[in-house]
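Q: here's a sequence, model it:
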Amino acid sequence: MSSIADAMETKILTGDTIILKKCESLLETKYNFPKVSLTNSCTIALEMAALLFNIREGDEVIIPSYTYVSTANAFALRGARIIFADSRSDHPGIDEDKIEKLVTLNTKAIVVVHYAGVACNMEKIKKIASKFKLFIIEDAAQCIDSFYKGKPLGSIGDIGCFSFHETKNIHCGEGGFISINNPELFDRAEIIRNKGTNKSAFLKGEVNKYEWMNLGFSAVPSTLASAFLLSQLRNIDVVQKRRKNIWQYYYKRLDFLCSKGIALPAIPDYATNNAHLFYLVCRNMNERDLLIRYLKDNGIQSVFHYQALHQSHYFKKNYEGEELPEADRYSQCIIRLPLYFDLTETETGHICDKVIEFYKCSDVRD
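A: Below is the predicted model of the structure:
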């Protein structure tokens, strides 16, 4: 609460304030990001990325179908043709081996989504990007405090986009940030974030007036949002320890389900686990729906996750690509169990008990 009180004392509740800059500096220092700019959401960070790379009509952007709509929307809004890739069989993230065949002369960028904060194989993706001279945007919405071979997610591609939505490990209600990993983009990114003006340079005394320099967004979060976030950032290690303990408890209690054909989260050797979420991949949609209902009847809220975008109401009529069976499977079979900081050991134990009870008494068949 002291950060909120400090924010109120400033009497400046909008724009670039010292509290916002403290958040950015903390993120840059802790994770060695070259440049961090807080935003109002991960969605706006993705839209900034599309504008930074001059995505336009006629360009193609490769993204996984199994992702949140913002991943595609940001580039579709610029007129790009969205090329959907399938997920891996062992993880909902993009199948790195399916990307290269989707590249054409019109491909401009690959958007990588690190599902559940678990890294995609960035070495493979960087080789493809280098071969065809493509930009890499990391949709790292779920990835705070997660790493690939020791490097923070969001720092490996050209740009990383993060979320501080209230569903994330740490949050400010609604917020995010963009990590700019190419110094040549620093100044333009700041202009785009400030409604397309050079206001930031003006506030630094670098110009004697500010004016419209580029297309842009009103993407700077309020001082109150930044203050709320600052307290969370200062306690991220405590939050992460608690979340990882819950995640490990789930995995230990429910590991036996793998022998029944129900998959638990897979963490490759090159990735770390930031305990963003814990999920099960049921054997079919009927089983998933019955489990959700059973848990609800026992006072437990569990939910499925993304619906594959190539099958969405908006896009399905225009989809001309191949079938994406893994994206479809995750859409139909994933169930997410509750995972949040205040979840008690008793509550976690109750959830596991009921999942176990369901599979012991259920007559669900493949």
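
Q: CA only for contacts and neighbour counts going forward, please
A: Noted.

Q: show me where this protein has strands.
A: Residue ranges of the strands in the chain, as given by DSSP state E, are 36-39, 60-64, 81-85, 107-113, 135-139, 147-148, 151-152, 159-163, 176-180, 278-281, 334-337.

Q: quick one, which of those strands is packed in tightest?
A: strand 159-163 (a mean of 30; mean count of other CA atoms under 10 Å).

Q: I'd say residue 232 and residue 173 touch.
A: No: counting by CA atoms under 8 Å, residue 232 stays clear of residue 173, with 11.2 Å between them.

Q: list the buried ones in stretch 49-65?
A: Neighbour counts using 16 or more other CA atoms under 10 Å place 49-52, 55-56, 59-65 of stretch 49-65 among the buried residues.

Q: over to stretch 249-258?
A: Taking 16+ other CA under 10 Å as the basis for neighbour counts, the residues of stretch 249-258 that come out buried are 249, 250, 251, 254, 257.

Q: cool, and stretch 120-132?
A: 120, 121, 122, 125, 126, 128, 129, 132.

Q: how about the buried residues of stretch 49-65, which pair is most distant?
A: 52 and 65 (22.9 Å; CA to CA).

Q: pLDDT of the longest helix seen in the chain, averaged?
A: Using DSSP state H, we find that the single longest helix of the chain is helix 236-254. Averaging the model's pLDDT scores along helix 236-254 yields 98.

Q: for that helix, packing partners?
A: For helix 236-254, the helices and strands in contact under the criterion 3 or more CA pairs under 8 Å, 6 or more residues apart in numbering; DSSP states H and E are helix 345-361.

Q: now the helix it packs on - C-alpha only, PDB.
A: Extracted in PDB, the C-alpha atoms of helix 345-361 (Å, rounded to 0.1, in the frame of the first residue of the first chain):
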ATOM      1  CA  GLU A 345      -2.700 -26.400   1.100                       C
ATOM      2  CA  THR A 346      -6.000 -27.600   2.300                       C
ATOM      3  CA  GLU A 347      -7.800 -26.200  -0.800                       C
ATOM      4  CA  THR A 348      -5.200 -27.700  -3.100                       C
ATOM      5  CA  GLY A 349      -5.500 -31.000  -1.400                       C
ATOM      6  CA  HIS A 350      -9.300 -30.900  -1.800                       C
ATOM      7  CA  ILE A 351      -8.900 -30.200  -5.500                       C
ATOM      8  CA  CYS A 352      -6.600 -33.100  -6.000                       C
ATOM      9  CA  ASP A 353      -8.800 -35.400  -3.900                       C
ATOM     10  CA  LYS A 354     -11.800 -34.600  -6.200                       C
ATOM     11  CA  VAL A 355      -9.800 -35.100  -9.400                       C
ATOM     12  CA  ILE A 356      -8.600 -38.500  -8.100                       C
ATOM     13  CA  GLU A 357     -12.200 -39.300  -7.000                       C
ATOM     14  CA  PHE A 358     -13.500 -38.500 -10.500                       C
ATOM     15  CA  TYR A 359     -11.100 -40.900 -12.200                       C
ATOM     16  CA  LYS A 360     -11.600 -43.600  -9.700                       C
ATOM     17  CA  CYS A 361     -15.400 -43.600 -10.000                       C
END
